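Asks: pasting the sequence and the predicted model now:
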Amino acid sequence: MLHLPEKEIRLNIGHPRNKQAFVQTPLHKTHIEHLMCYFEDPELTEIMGFNFDPASKDTHKFIEAITICCHPNCQTENHLIFGEFQAPNTMPIGYQVVKGINQELGVAEYGNATLDPVHRSHGYGRTAMRTILRYLFDELGMKKMHGTVLESNRSQLNMIKKVGWQLAETTSWEMPDGTLEPMHVFQMTAKDLIL
């Protein structure tokens, strides 16, 4: 059985253009409140598949929204939420979440989003994901990771293929407006990870 860390974790992500960039958990309440503000952008509902009202200022509902698990083996309350930071003493530009960690089976579900539009498509999410996955497999002993991406989120689909995720199946996800969107379910083991 793997054991989750109980102390702060800070990992340099090795971003090619920003050597100061890092991920860190746990996040402070002010970090979470900062991330919530990005959801004023209605485009995020379309690519993320959930609707969150940032005016509510409800950090618990935000955490609940980003930690919804789809995989049946990942229905636990164990989560690690990492913030993506460009430099020390700054606010996060996005998050990486390891959700529904099943310590007995060594499986979890993975999610991420670089929310700051200025920093999207600049490699922060990809380098952060690689760093955290390597940490999960090498340090925590995870056996398999699962992840889901909506068909409408083309940039995320392109990114996860570059990291080594393998398509397991395609299903559907109910969007906030009640329509069904194709959702791709991916999986990864340590040997699949492309560094």
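Replies: Yep, it's here. Numbering: from 1, shown residues only.
Asks: now the longest helix anywhere in the chain, how far from the centre of its chain.
Replies: Under DSSP state H, the helix in the chain containing the largest number of residues is helix 124-138. Distance of helix 124-138 from the chain centroid (C-alpha atoms, centre = their mean, to the nearest Å) equals 10 Å.
Asks: check which residues of it are buried.
Replies: By 16 or more other C-beta atoms under 10 Å, the buried positions in helix 124-138 come out as 124-133, 135-137. (C-beta placed from N, C-alpha, C; glycine too.)
Asks: who are the contact partners of His28?
Replies: Contacts for His28 (C-beta atoms under 8 Å, 6 or more residues apart in numbering) come out as none.
Asks: looking at the chain, which helix or strand is least sure?
Replies: Every helix and strand in the chain was compared by mean pLDDT, DSSP states H and E; the lowest is helix 43-48, with a mean of 82.
Asks: any buried residues in the helix or strand following that one, and which?
Replies: Of the helices and strands lying after helix 43-48 in sequence (DSSP states H and E), the nearest is helix 59-66. Across helix 59-66, burial judged by 16+ other C-beta under 10 Å covers 59, 62-63, 65-66.
Asks: among the residues you listed, which one lies nearest to Ala21?
Replies: Taking C-beta to C-beta as the measure, Ala21 sits nearest to Ile66 out of the buried residues of helix 59-66, at 20.5 Å.
Asks: what sits against that closest one?
Replies: Counting by C-beta under 8 Å, 6+ apart, Ile66 touches 81, 95, 97, 99, 111, 113.
Asks: roughly how far apart are it and Lys143?
Replies: 23 Å (C-beta to C-beta, to the nearest Å).
Asks: that older thread, now the least confident helix or strand of the chain - C-alpha only, PDB.
Replies: Output of helix 43-48 as PDB, limited to C-alpha atoms (Å, rounded to 0.1, in the frame of the first residue of the first chain):
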ATOM      1  CA  GLU A  43     -15.000  29.100 -22.400                       C
ATOM      2  CA  LEU A  44     -13.700  27.100 -19.500                       C
ATOM      3  CA  THR A  45     -17.200  25.500 -19.000                       C
ATOM      4  CA  GLU A  46     -17.000  24.200 -22.500                       C
ATOM      5  CA  ILE A  47     -13.600  22.600 -22.300                       C
ATOM      6  CA  MET A  48     -13.700  21.500 -18.600                       C
END
